[in-house]
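**Student:** 3D model of this:
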Amino acid sequence: QDDSHLLHQGKVVSDDISANLAPAIPRRLILSDEASNISQINPISRQKNTIQTIQKYQDAFQMNHTNFVWYLNNNDCFQLITRVEKRLAGYFSLEKVGMYKSDICRVVALYDRG
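**Tutor:** This next block holds a predicted model:
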């Protein structure tokens with residue numbers, strides 16, 4: 001049996017395994033922070049790290065735009081969580097550690113939009 005067929009979502013789309021397909025996983029970078037936008041992230045070292053991360057993904061995705069970045073501040077996160085999975089809203093509101101708060105937000109964002 002010939003195993004050289006390229007499958008995409010269960011269908012043979014090409015005999016050439018190097019065929020150029022849209023990625024099955026959306027090319028999206030979900031970032032969250034308490035700051036209202038990236039330019040207000042503090043300390044400045046964290047802001048620079050965020051910008052460098054975006055640039056690295058932009059290079060990896062070979063994109064000349066930043067439309068793949070979804071930035072959510074705490075208010076955006078709370079609204080999203082309330083709409084998508086209300087049971088997590090209390091945990092999000094009570095969480096004091098930013099990285100855990102951000103994890104809750106990003107999990108809900110992934111669940112909502114993939």
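**Student:** drop to CA atoms for contacts and neighbour counts, all remaining ones
**Tutor:** Fine.
**Student:** show the contacting residues for the residue nearest the centre of the chain.
**Tutor:** In the chain, the centroid-proximal residue (CA atoms, centre = their mean) is I30; its distance is 2.7 Å. Counting by CA atoms under 8 Å, 6 or more residues apart in numbering, I30 touches 69-72, 106, 109.
**Student:** which ones among those residues map onto strands?
**Tutor:** 69-72 (DSSP state E).
**Student:** of these, buried ones?
**Tutor:** L72 (16 or more other CA atoms under 10 Å).
**Student:** ok, of the ones in strands among the contacts of I30, which one's closest to S39?
**Tutor:** Y71 (11.4 Å; CA to CA).
**Student:** look up the closest residue to the closest one, ignoring the ones flanking it.
**Tutor:** The shortest distance from Y71 to any non-neighbouring residue, by CA to CA, 6 or more residues apart in numbering, is to L31 (4.8 Å).
**Student:** tell me the secondary structure at that neighbour.
**Tutor:** With DSSP: H, G, I helix; E, B strand; the rest coil as the basis, L31 sits in strand.
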